[in-house]
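Peer 1: Got a predicted structure plus its sequence, pasted below:
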Amino acid sequence: QEQEQEQAQASPEEMPLVRLCQVVWSEIEPDEDLCIDGGQMKGVMMASGLDVTLLGTIWGIVDEEHIGKINYRQLGFILGMISQAQRGEDLDMTVIGPQTPPPTLEGYELDE
């Protein structure tokens, strides 16, 4: 049980996907509902170099209510699924967590 608590206390430096979420979120101005829309995310998603159709599929999976915007938690899922696609893995939102490797996004470099 102590190990589980230690993992929960992991710093953002040990969780690059979380750091990338923080970077992206800080650069995009969320609306009054603390959400960002597809237009705001377009540049971030296109920076992945993935096909637009695949990016649309990822958005559709994460935006389950089809409201055209996502919250901070859903941003993590989108970035995690972009990473899965870049690594040639199946898209699976259920396995994404803080330890998921971050995607490569042109212009969004994480300082090591």
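Peer 2: Yep, it's here. Numbering: from 1, shown residues only.
Peer 1: now what about stretch 53-72, what contacts it?
Peer 2: Contact partners of stretch 53-72, identified using CB atoms under 8 Å, 6 or more residues apart in numbering, comprise 21, 25, 30-31, 33-38, 41, 45-46, 48, 74, 77-78, 81-82, 85, 91, 93. Just so you know, the C-beta spots here come from the backbone N, C-alpha and C atoms, and that holds for glycine as well.
Peer 1: Please pick the buried ones from those.
Peer 2: When those are checked for burial by 16 or more other CB atoms under 10 Å, the buried set is 21, 25, 30, 35-36, 41, 45, 48, 74, 77-78, 81-82, 85, 91, 93.
Peer 1: Which of the three states applies to Ile79?
Peer 2: Heads up, residue 79 is Leu, not Ile. Secondary structure state of Leu79, per DSSP: H, G, I helix; E, B strand; the rest coil, is helix.
Peer 1: For it, give me its contacts.
Peer 2: Leu17, Leu20, Cys21, Val24, Pro102, Pro103.
Peer 1: Cool, thanks, signing off.
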